[in-house]
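In: Provide a 3D model corresponding to the input given below.
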Amino acid sequence: MKAVSVEEAVAMIPAGASVMVGGFMGVGTPERLLDEVVRQKKTQLTLISNDAATPGKGVGKLFDHALVSKLTATHIGLNPKAQQQMLANLIAVDLVPQGTFVERIRAGGCGLGGVLTPTGVGTLVAEGKRQIEIDGKAFLLETALRAQFALVHAFLADYLGNLSYALTSRNFNPVMAMAADTVIVTAENIVPVGVIAPDHVVTPAPLVDYLITNG
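Out: Predicted structure coming up:
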């Protein structure tokens, strides 16, 4: 793990990169990283996030500045700008059931090819996907999700890069930290090694590539 400035971290992300962003409706989202993505005008991003947040908050800022070309998410209902861009064919949107979404990311982090789920069988979700029958029950094969970068927000990070999370931010940040080639983290508090008890570490340091310095 290397400590870097937010400017240095975002400079590593090329235009057109695939990026996972943690958080739920802007809660537990790495706002400083997203602000810098906007400032550096990283365009044509493939975004993987639970939702499109709302204008001016969380990943909503990326839609405010038309930086996304493709979105994989579970819903975009509270961001009219994302909806407008989808309807105008400015972005491609892949809507995924929320449980399937997080399991696909977990599969990507665990080195699995995908997951089998009954969710979506017999609906539009099933179009173009393999259907497998096990013990007489139909399942869809949902492929694993990975990204080039994961932008993660933690409550605590220690000097080695071990992370713990608070409340809602634990929903998607930990699995995304497993499923990207490069993991960049912001933390509300950066503390000495040992402050986070070993059994409270959620994301272990070897998964973290870069930690954004505070101050």
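In: for the lengthiest helix in the chain, what is the average pLDDT?
Out: Determined from DSSP state H, the single longest helix within the chain is helix 98-110. For helix 98-110, the mean per-residue pLDDT is 97.
In: Which residues does that helix contact?
Out: Identification of contacts with helix 98-110 by Cβ atoms under 8 Å, 6 or more residues apart in numbering yields 20, 48, 50, 72-75, 96, 113-115, 117, 119-120, 142-146, 171-172, 175-179. Glycine gets a C-beta too; all of them are placed from N, C-alpha and C.
In: what about the strands in the protein?
Out: With strands called from DSSP state E, the chain shows them at 2-4, 18-21, 45-48, 68-73, 92-95, 114-117, 131-134, 137-143, 147-158, 163-164, 180-191, 210-212.
In: want to throw the ones you listed into a markdown table with distance to Gly28?
Out: Formatted as a markdown table, the strands of the chain follow (distance: least, Cβ to Cβ, whole Å):
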| stretch | distance to Gly28 |
| --- | --- |
| strand 2-4 | 21 |
| strand 18-21 | 10 |
| strand 45-48 | 15 |
| strand 68-73 | 15 |
| strand 92-95 | 21 |
| strand 114-117 | 24 |
| strand 131-134 | 34 |
| strand 137-143 | 24 |
| strand 147-158 | 5 |
| strand 163-164 | 12 |
| strand 180-191 | 10 |
| strand 210-212 | 15 |
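In: so which of these comes closest to Val10?
Out: With Cβ to Cβ as the measure, strand 180-191 is the member of these nearest Val10 (8.1 Å).
In: Could you check the angle that closest one makes with strand 147-158?
Out: Angle of strand 180-191 versus strand 147-158, following axes from the mean of the first three to the mean of the last three Cα atoms, to 10 degrees, is 20 degrees.
In: Paired strands for strand 180-191, with orientation please.
Out: Sheet pairing for strand 180-191, assigned by DSSP bridges, gives strand 147-158 (parallel), strand 210-212 (parallel).
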